[in-house]
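1. Just to be clear, the model below is a prediction. Sequence and coordinates:
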Amino acid sequence: MPSNGAAAQIASEKGLYTIGHVARLADLKPFVLRYWETEFPMLQPLKSSGGRRLYRQEDVDLVFRIKRLLYDEGFTIAGARRHLREHDGDSDGEAERGNAHHAAEGAAQLLSRKMLLDLRDTLQAFLTLLERR
């Protein structure tokens, strides 16, 4: 019976990755990936006979898409789930046209979020100054 390291090596050679490996690649905790599996039905890694999760390359790509939507673009989980559902069926031409629109939308959303966070920080600084008087 191969050791865990050998089993991971064999899985890796077949284009399959353990949850630990994917977690390190994506800089996430394994429990986050397990939670995402419950929230994103399209994220369905294979299960080995021993019950270990084995992620295919398309699963790894999806993990990075989910991470970008949640962490970089500020989507909620429900919003990211809806976005993935709506955009997975796009044809290539539609996807390319839509990408520019969504990138602009995402940038505006990110800018608005940044402006609100900056405003909050400024107001907190003013409040702190007023409290000292």
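-> Alright, I've got the coordinates.
2. Which pLDDT value goes with Asp90?
-> Asp90 carries a pLDDT value of 51.
3. and Leu25, what does it touch?
-> Tyr17, Val60 (C-beta atoms under 8 Å, 6 or more residues apart in numbering). Heads up, the C-betas are built off the backbone N, CA and C, glycines and all.
4. Apply 7 Å and report the result again.
-> By C-beta atoms under 7 Å, 6 or more residues apart in numbering, the contact list for Leu25 reads Val60.
5. Tell me the helix or strand right after the strand or helix carrying it.
-> In the assignment (DSSP states H and E), Leu25 maps to helix 19-26. Following helix 19-26 in sequence order, the next helix or strand is helix 30-39 (DSSP H and E).
6. between that next one and helix 19-26, how many degrees?
-> 100 degrees (axes from the mean of the first three to the mean of the last three C-alpha atoms, to 10 degrees).
7. What helices and strands are in contact with whichever helix or strand comes after helix 30-39?
-> Scanning forward in sequence from helix 30-39 by DSSP H and E, the next helix or strand is strand 46-47. Judged by 3 or more C-beta pairs under 7 Å, 6 or more residues apart in numbering; DSSP states H and E, strand 46-47 is in contact with no other helix or strand.
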